[in-house]
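S.K.: Below are the sequence and a predicted model for it; my questions follow.
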Amino acid sequence: MIRDAGFDGAGVRFVDPVFARTVTRFLKDHGLTWQAQCYPRTVDDLARVLDLVAELGADHVNLQPDVRPYRLEDCIPYIEGWRRLAESAGVPVYIETHRDRMTTDLIFTLHLLDCFPDLRLTADLSHYLIGREFAWPIAEENHGLMHRILDRAWAFHGRVASREQVQIPLGFPHHQDWVELFMDWWAYGFRSWRSRAAKDARLTFLCELGPPPYAITGADGYELSDRWEESRQLMTRIRALWAETA
């Protein structure tokens, strides 16, 4: 089962309790679900988020680790602490692949997976494509690196990047190679998830086409494409892709 932001669910910032209560009330009233977004800088920061999840509920917690240790070993106490709190609370917590976070770099994150082979990720592949600036055509070695991320993905954030731009308009003819690249990666990720998830598990795919500066703008400051329409198109394609990988 797939949930889509703007259609069946949304990501909600759980770092602001007033905001979270207001938005989740609206979503619940409209039959929608949500994931709890957070950006902890300490282990205890997550505890406050989990307390709010106990009150308001959430499909899962999406954690962007807002710390940037230089050494791999300095990351271990954070991850062990967050995992301990998540297990105690009985709440799924997935760590997002995201720039300017602990997971900013693809290779560094793969080393984290070597330390924690069962670490569960939210895969936003756009950050790694642009961060590593993969040349076209994508080398098999680089596909293999991305597949390692996808084999640990328990949720997805969906946008399409090129090697120079983190979010590109989906309908432009010269962007179609990048669109199909991401479709292929997501198809791999869906198959991988199906092979390890329980039969009654639920997969979240968040259509995350962000506003500027994610969205490219022209000289007039306006976006080059209609993100709402593109989100609907992405939702349709992802639902079809999910069915194809069954």
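M.R.: Received the coordinates, thanks.
S.K.: Would you check how far apart A197 and E96 are?
M.R.: 18 Å (C-beta to C-beta, to the nearest Å). In this view, the C-beta of every residue, glycine as well, is placed from N, C-alpha and C.
S.K.: Look at those two and report which has more neighbours.
M.R.: Taking other C-beta atoms under 10 Å, A197 and E96 do not tie; E96 has more neighbours (22 against 12).
S.K.: State the helix or strand in which the spatially closest residue to the more buried one that is not a sequence neighbour lies.
M.R.: Nearest residue to E96 in three dimensions, chain neighbours excluded: T122, at 4.1 Å (C-beta to C-beta, 6 or more residues apart in numbering). Per DSSP states H and E: T122 is located in strand 121-123.
S.K.: Please apply the same query to L110.
M.R.: helix 106-115.
S.K.: Buried ones in the strand holding T122, by neighbour count?
M.R.: Neighbour-count burial for strand 121-123, with 16 or more other C-beta atoms under 10 Å as criterion, is recorded at L121, T122, A123.
S.K.: before we move on, what about stretch 96-116?
M.R.: E96, T97, H98, R101, M102, T103, T104, D105, L106, T109, L112.
S.K.: Can you lay out the buried residues of strand 121-123 as CSV showing pLDDT and distance to A187?
M.R.: Formatted as CSV, the buried residues of strand 121-123 follow (pLDDT from 0 to 100; distance: C-beta to C-beta, whole Å):
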residue, pLDDT, distance to A187
L121, 98, 17
T122, 98, 18
A123, 98, 13
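S.K.: hey, where'd the helices end up in this structure?
M.R.: For the chain, the helices defined by DSSP state H cover 17-29, 43-56, 72-89, 106-115, 126-132, 140-150, 176-196, 227-244.
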